[in-house]
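*Asks:* next one to model:
(2 chains)
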Amino acid sequence: MTKKKIKVIVAKPGLDGHDRGAKLLCRIFAEAGMEVVYTGLRQTPEMIVEAALQEDADVVGMSSLSGVHNYFFPRVVKLLHEKELEDVLILGGGIIPDEDIPELKQSGVAEIFGPGTRTDHIVKYIQENILA
Amino acid sequence: MKTVEECIEQLLAGSVRALARVITWLENDDPNAVLCLEKLYPHTGNALVLGLTGSPGTGKSSLTDQIARYYRKRGKTVGIVAIDPSSPFSGGALLGDRVRMNQLAGDPGVFIRSMATRGFLGGLAQATDNVITAMDAAGKDIIIVETVGVGQDEIDIMRISDTICLVLAPGLGDIIQSMKAGVMEIADVYVINKADHEGADQLYSEINSRIMQDANIKSDYWMPPVVKTIATERKGIEELVVAIESHQRQLKDSGDFLKIKRERIREQTFQMIHLALFQLLKEQMIQNGRMETLVDAIIDKKENPYRAMQQIVNEFIHIPTR
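*Replies:* A predicted model of the protein is given here:
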């Protein structure tokens, strides 16, 4: 059997047009041996979940710099659960105020990685949580 | 999804989740994979498989997007396999074809799956054949396979497609380029995308020259259509589909359809047997340490690989003689 590859969706929900960080993470995840689908900008929650479903993703990573995370992140979690994709690891990043993090985690986002997080830390987190 | 049988049943009934999961099994060569394929195979044979190939950056993904939208308007369901290369260094991949197909998002009649080549050369991923089987069994009317950006030589797309569209873009070569062998020979339809760019008319005439040369050289030659498109502006798409359909008609009328089907099944079956046999032998030789012993002996010049190969093959395979 071929060794399992971790499949990651990197998405930019909402109207936020700055994706340099998201693209960098795509490269970093690919360098770590993962198969990364970059969905592009202006994704609705429905589009993100559809991609996760069709691609049988292990991880959905969302980047938000425009303050919409409190709406979009939990909505994606909800839709993923509706589609019976409870096993997908949901991560968030971008500009997320500390005070919003507990509620995001309660809604089902596993972890938030803000600016300054070491990227190898994110890679390690994914590898530990998926291959476990 | 409890058992493999349940999963297959759900796939055949139209479940997206089941199809996605089965494709993952096929990609990973999961123990369930062969059973899945056995059960899916009787439900195949309905889909039209279109191969889209061409150099990197010629617009294959954008064209795939437009072709899919065109067929959707006609009420057909579409499966898309979008292939990108795996890194030979890290083993990972950036799957960046789907990003150009955002217009198809939300349409339940379209299923897009990105695949990494995982070291397989030739333009496709190793499991592409099997993924097409799954999508066909799931009832997709049209399956579009978009290869990696190819060079001159990667022609595996031939094995799996009913009609191959070779996508070219202006400015990438001269008339001598267009005369070369390899990927230029496999086109059933030539597509000149980015037809608004400089050099498009010249490329168009060079391709037509090639076709005229081929008509003079080959007997029984059907002249492939040459279509100009501007995928990003949705131009030329209808003409492209008409060209694809003319190729399909020609295959059926000439009887080549059956000939090609036989070739394809022959190739595919040989390849499957080859892979299965080699897998068995390799596992055994690794497990019992024989490979390492052999490598040592070859390095010490106590053995030579050609002699060893013959010995191993004779030991391993008993071909019954009549």
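*Asks:* how about stretch A:96-109: buried residues?
*Replies:* For stretch A:96-109, burial by neighbour count (16 or more other C-beta atoms under 10 Å in any protein chain shown) applies to A:96, A:101, A:104, A:108-109. From N, CA and C alone the C-beta is placed, and that goes for glycine too.
*Asks:* got it, and stretch B:230-239?
*Replies:* Within stretch B:230-239, the residues that qualify as buried are B:230-231, B:235-237, counting by 16+ other C-beta under 10 Å.
*Asks:* tell me the one of the residues you listed nearest chain A?
*Replies:* residue B:231 (16.4 Å; C-beta to the nearest C-beta).
*Asks:* tell me which helix or strand comes right after the lengthiest strand in chain A.
*Replies:* If you go by DSSP state E, chain A has its longest strand at strand A:35-43. For strand A:35-43, the following helix or strand on the C-terminal side (DSSP states H and E) is helix A:45-55.
*Asks:* can you give me the buried ones in that following helix?
*Replies:* Buried residues in helix A:45-55, counted by 16+ other C-beta under 10 Å: A:45, A:47-55.
*Asks:* now stretch B:284-294
*Replies:* Buried positions in stretch B:284-294, judged by neighbour count with 16+ other C-beta under 10 Å: B:285, B:294.
*Asks:* can that stretch be found next to chain A?
*Replies:* No. Judged by C-beta under 8 Å from any C-beta of the partner chain, stretch B:284-294 and chain A are separated, with a smallest distance of 14.3 Å.
*Asks:* ok so, going back, for the buried residues of helix A:45-55, could you give me TSV that also reports pLDDT?
*Replies:* Listed next are the buried residues of helix A:45-55 as TSV, based on pLDDT from 0 to 100:
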residue	pLDDT
A:45	96
A:47	95
A:48	96
A:49	97
A:50	97
A:51	97
A:52	97
A:53	97
A:54	97
A:55	97
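*Asks:* out of those residues, who's near chain B?
*Replies:* The residues of the buried residues of helix A:45-55 that also fall near chain B, by C-beta under 8 Å from any C-beta, are A:47, A:50-51, A:53-55.
*Asks:* returning to what we had before: ok, so of the buried residues of stretch A:96-109, who is nearest chain B?
*Replies:* Compare each of these with chain B using C-beta to the nearest C-beta and the shortest gap goes to residue A:108, at 18.6 Å.
*Asks:* tell me how far stretch A:123-130 lies from the chain's centre.
*Replies:* Its chain's C-alpha centre and that of stretch A:123-130 lie 13 Å apart, by C-alpha atoms, centre = their mean, to the nearest Å.
*Asks:* pLDDT on it, on average?
*Replies:* Mean pLDDT, stretch A:123-130: 95.
*Asks:* what's the burial count for the closest residue to chain A within the stretch 201-322 of chain B?
*Replies:* Distances between the stretch 201-322 of chain B and chain A by C-beta to the nearest C-beta are smallest at residue B:279, namely 10.1 Å. For residue B:279, the neighbour count with other C-beta atoms under 10 Å in any protein chain shown is 11.
*Asks:* circling back: of the buried residues of helix A:45-55, closest to chain B?
*Replies:* Set against chain B, the nearest of those by C-beta to the nearest C-beta is residue A:47 (4.3 Å).
*Asks:* I figured the closest one hits residue B:105, correct?
*Replies:* Yes. Using C-beta atoms under 8 Å, residue A:47 makes contact with residue B:105 at a distance of 4.3 Å.
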